[in-house]
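Peer 1: sequence first, predicted coordinates after that:
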Amino acid sequence: VGNRDDSNLYINMKLKAAAEIGISANHIKLPNTATEADVLKCIASLNADPAVHGFIVQLPLDSDKPINTEKITNAVAPEKDVDGLSSINAGKLSRGDLGDCFIPCTPKGCMELIRQTGVQVAGKRAVVIGRSKIVGAPMHDLLLWNNATVTTCHSKTSTLAEEVGKADILVVAAGRAEMVKGEWIKPGAIVIDCGINHVPDSTKASGKRVVGDVAYTSAKEKASFITPVPGGVGPMTVAMLMQSTVESAQRFLEKFQPGKWTIQYNQLTLKMPVPSDIEISQSCMPKPIDQVAKEVGLFPDEVELYGQTKAKVQLSVLNRLKNQPDGKYVVVTGITPTPLGEGKSTTTVGLVQALGAHLHQNVFACVRQPSQGPTFGIKGGAAGGGYCQVVPMEEFNLHLTGDIHAITAANNLVAAAIDARIFHELTQSDQALYNRLVPSVSGVRKFSDIQIRRLQKLGINKTDPMALTKEEVNSFVRLDIDPGTITWQRVLDTNDRFLRKITIGQSPTEKGFTRTAQFDITVSSEIMAVLALADGLDDMKKRFGRMVVASSKKGQPVTADDLGVTGALAVLMKDAVKPNLMQTLEGTPVFVHAGPFANIAHGNSSVLADKIALKLVGKDGFVVTEAGFGADIGMEKFFNIKCRYSGLRPHVVVLVATVRALKMHGGGPAVTAGVPLPKEYTEENLQLVAKGCSNLNKQIQNARMFGVPVVVAVNAFKTDTKAELALVVQHAKEAGAFDAVECTHWAEGGKGALALARAVQRASQAPSNFRFLYNVELPVIDKIRLIAQQVYGARDIELLPEAQEKVAMYTKQGFGNLPICMAKTHLSLSHDPEQKGAPTGFVLPIRDIRASVGAGFLYPLVGTMSTMPGLPTRPCFYDIDLDPVSGGVNGLF
């Protein structure tokens, strides 16, 4: 801190010594205006950086602000305190733990000089003059633990000459020029002079010379060994600093295997019968989330804590780790599910718990944040289940860090801007609009950056607001939105059936400008899809600007940039773009980020979370992410949309299957949420299972179509028989799966997914020849047809008139080369949720096509698919409340 000449001199000596022996040394300079908080922040960053093996704080701290030196030196991590000045290192030295501490460099150098004399320290009488924390006190301890008999003298010692005369070894660090006289010294003594003092000397150009604390000329006549000043202890101090740094690096390498995390895993206490999910979650004591962050190699300044159990991670970590190789990329998907779900989230968590807590691999789970609609519906939460959960599950399932609320606010800001723009354009002249859009401030008009982009889009290359012609003003101020083409809806993250179709503008202040509109569910917003596919804040902002909200009456696309809201959206979403860090029941790390639905959006967690996780786990680690619903939906979009934009290539597909779902596909009775299962599902029926394996076979083929090895995870329920489970495993292997294993992770945690984890490890070593299903340059209809025929098994597609019009419009507007995101039922490979198994020969009806240009895809609406909130099937009665004692959540999700 500051710019003291003497400090700079000492630092340069240390930098030079480091360079001579090959230590990478850096000088961090803080100004003399630095505060104590500034210094502590810098120290915290160095403490957390595994690339730094040691650092020192050069004293004194030359700052204009008051700084507590003791607080600063104690802030240095003991394992990096190569100066040995922290209280922890001093305490270890004082009690004799010499192999587990760093010794201050000057005493350490003195001790090395004494050893170089060849004189045995043990049994000798030693006198130390001075009791400073830097030299005197640690020198006393060091001599003592080397078995000398030690006396410490200081300014209050009345018999100093007498004590000096008894010393076989004399170490002087009093800071007083030539205070120890030669005649005091015992003949043959070893004398170590640590003093640096300046005394007047008219023969010197500077008018002074450097002397030690010992009268050197007379003392050298009596001592057997004596250190000169300068040139004695000083160079040794620097050498010992280098030695301590090397020792620190050696200790680090012994403790930390390169690329291998040191993690504290939580031990599960399994109970039978398995308690409810929330009981299990609340019985677990999660690690502090800053501990999880440290375990996986995140620095303190890369983590923003949201309480004790969740945190956001700065995107800057990607730049820090840009040269780190990626780990293995695993996607978990499933067969076509029942309405109850088949346990993909549970399997994802079970797999990472097995890989991490049991096989000790670096592993991250990357999952979506759940919507409040299903959470407060029959489906419930999405944190996994049983002994495979993200915890705390109530935090996971509710607000988390507010990302979905941010999306709701951002989405509805766009919606409000659309209607406000239409209203003002209908009620104001061109000049009145211009005056409001480009107001005069203190007599000066100025275009904002976003307005300059609007002008450039219109071909108007002017920057002076006074230079526009009337025609140019008209083009600039009028978006001329056709209300019938508005595709941007308001959103709410609740299943509210009465908002599925509404009339807006009924207030008298809107002067009769009403229109029919609707509320969609928040997770269907294009802003959610943008969040999930963006690879950084700048990319997210650009995608926001490209979002098409309507068309003009001339058929031109109207974007968020045209509305002038891009910057505002970025501000609202600047925190939401950072992935959320949580943990599993067994203490393995989890990123929870973004939550687009898989039937009406692309159904995958964020690209950013996956990229950061892949860097953190390193080349031998694993990142396990989940694709929503069945392989025909979430997995297909994971490959064709997410991987296309991210540039990431998967190594393994884990396909989750259940006996229950296969029985349904084999012709079993309907499975309905909230209704007890018919006996066909609770009694052994090999025939139903075998027939239903047609769906399993098709989904295995779908995964292999993309050139990636498939491991089938048979998620076992307590009603499944061994024969049924064995039959599924057999069918999966015959259908071309790399392997198929039975899993009991719901009841046993990671232990129950060990066979799956080992199969995934083996599969990750197998060749993966990943390829996309289609080239985006193909016509829109051809891309849709390829998905329908290759993935769903359709004979052909049928575009209804509205869909045909949209194909022509989007192609004309330049959006025809975007990937396709099919909005289709998840309950069947076809468009009809009642068709189970692996239907073929059907014609897939495309009712409409919409564009998420910012996110980067077109989404055809198949059959009766809707983006509106789900329809509650019964009155609400929530069995959930706050605990009157703890204030925690009681009840069920």
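Peer 2: On my side now, so go ahead.

Peer 1: so what are the domain limits for the protein?
Peer 2: Here the domain parsing of the chain from the TED database is 100-238, 277-401+575-765, 404-573, 780-861.

Peer 1: quick one: low-confidence parts of the stretch 301-450 of the chain?
Peer 2: 377-381 (pLDDT under 70).

Peer 1: with the stretch 751-893 of the chain instead?
Peer 2: Looking at the stretch 751-893 of the chain by pLDDT under 70, you get 866-878, 891-893.

Peer 1: all helices of it, in order?
Peer 2: For the stretch 751-893 of the chain, the helices defined by DSSP state H, counting those that start in this stretch cover 754-765, 780-786, 801-812.

Peer 1: wait, residue 363 sits on residue 350?
Peer 2: No. Using C-beta atoms under 8 Å as the test, residue 363 is too far from residue 350 to be in contact (11.7 Å). Heads up, the C-betas are built off the backbone N, CA and C, glycines and all.

Peer 1: compare those two and say which is more crowded by neighbours.
Peer 2: Applying other C-beta atoms under 10 Å to residue 363 and residue 350 shows that residue 350 carries more neighbours, namely 38 against 30.

Peer 1: hang on, the more buried one packs against residue 747?
Peer 2: No. Using C-beta under 8 Å, residue 350 makes no contact with residue 747, being 10.1 Å away.

Peer 1: quick one: common contacting residues for these two?
Peer 2: Counting by C-beta atoms under 8 Å, 6 or more residues apart in numbering, residue 350 and residue 747 have no shared contacts at all.

Peer 1: right, and the domains of the chain - which one's nearest residue 19?
Peer 2: Nearest of the domains of the chain to residue 19, taken as C-beta to C-beta: domain 100-238 at 12.1 Å.

Peer 1: any idea how far apart the tips of the closest one sit?
Peer 2: 21 Å (C-alpha to C-alpha, to the nearest Å).

Peer 1: the helices of the stretch 751-893 of the chain: which one's closest to residue 457?
Peer 2: Of those, nearest to residue 457 by C-beta to C-beta is helix 801-812, at 16.9 Å.

Peer 1: how far is the closest one from where the chain is centred?
Peer 2: 40 Å (C-alpha atoms, centre = their mean, to the nearest Å).

Peer 1: what comes up buried for it?
Peer 2: Neighbour-count burial for helix 801-812, with 16 or more other C-beta atoms under 10 Å as criterion, is recorded at 803, 806-807, 809-810.

Peer 1: winner for burial among the domains of the chain?
Peer 2: domain 277-401+575-765 (a mean of 22; mean count of other C-beta atoms under 10 Å).

Peer 1: quick check: end-to-end length of that domain?
Peer 2: Domain 277-401+575-765 end-to-end distance (C-alpha to C-alpha) = 35 Å.

Peer 1: regarding this protein, what is its longest strand?
Peer 2: Secondary structure assigned by DSSP state E gives strand 843-852 as the longest strand of the chain.

Peer 1: could you name the helices and strands sitting against that one?
Peer 2: Contacts defined by 3 or more C-beta pairs under 8 Å, 6 or more residues apart in numbering; DSSP states H and E place strand 843-852 against strand 796-799, helix 801-812, strand 857-862.

Peer 1: any chance of the ones you listed in CSV, with distance to residue 639 too?
Peer 2: Listed next are the helices and strands packed on strand 843-852 as CSV, based on distance: least, C-beta to C-beta, whole Å:
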stretch, distance to residue 639
strand 796-799, 20
helix 801-812, 22
strand 857-862, 13
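
Peer 1: between the ones you listed, which one is nearest to residue 85?
Peer 2: If we rank those by C-beta to C-beta, the stretch that ends up nearest is strand 857-862, at 58.5 Å.

Peer 1: and the angle for that closest one with strand 843-852?
Peer 2: 140 degrees (axes from the mean of the first three to the mean of the last three C-alpha atoms, to 10 degrees).

Peer 1: which strands and helices lie in contact with strand 857-862?
Peer 2: Packed next to strand 857-862, using 3+ C-beta pairs under 8 Å, 6+ apart, are helix 801-812, strand 843-852.

Peer 1: what lines up beside the shortest one in the sheet?
Peer 2: Take DSSP bridges as the rule and strand 843-852 pairs in its sheet with strand 796-799 (parallel), strand 857-862 (antiparallel).

Peer 1: and the nearest residue in space to residue 27 that is not next to it in sequence, which helix or strand is it part of?
Peer 2: Leaving aside its sequence neighbours, residue 27 sits nearest to residue 11 (C-beta to C-beta, 6 or more residues apart in numbering; 5.7 Å). Per DSSP states H and E: residue 11 is located in helix 5-21.

Peer 1: can you tell me how far the residue nearest to residue 853 when sequence neighbours are not counted is from residue 674?
Peer 2: Once flanking residues are discounted, residue 853 sits nearest to residue 548: 4.6 Å by C-beta to C-beta, 6+ apart. Per C-beta to C-beta, to the nearest Å, residue 548 is found 39 Å from residue 674.

Peer 1: which SS class is the closest residue to residue 32 other than its chain neighbours?
Peer 2: Counting by C-beta to C-beta, 6+ apart, residue 32 lies nearest to residue 2, which is 4.0 Å off, once chain neighbours are set aside. The three-state label given to residue 2 by DSSP: H, G, I helix; E, B strand; the rest coil is coil.

Peer 1: how much space separates residue 2 from residue 69?
Peer 2: 13 Å.

Peer 1: more neighbours, those two?
Peer 2: Taking other C-beta under 10 Å, residue 2 and residue 69 do not tie; residue 2 has more neighbours (17 against 14).

Peer 1: for that one, what are its contacts?
Peer 2: 30-32, 34, 61-63.

Peer 1: specify the beta-bridge partners of the closest residue to residue 600 other than its chain neighbours.
Peer 2: Of all residues not flanking residue 600 in the chain, residue 823 sits nearest, at 4.6 Å (C-beta to C-beta, 6+ apart). In this structure, residue 823 bridges to residue 861 when assessed by DSSP bridges.

Peer 1: pretty sure residue 823 is touching residue 860, no?
Peer 2: Yes. Applying C-beta under 8 Å as the test, residue 823 and residue 860 come out as touching, 6.6 Å apart.

Peer 1: what about residue 20, neighbour count?
Peer 2: For residue 20, using other C-beta under 10 Å, the count is 9.

Peer 1: same question but for residue 40, I mixed them up
Peer 2: Neighbours of residue 40 using other C-beta under 10 Å come to 15.

Peer 1: again with residue 45
Peer 2: Using other C-beta under 10 Å: residue 45 sits among 15 other residues.

Peer 1: any idea which helix or strand carries it?
Peer 2: helix 36-48.
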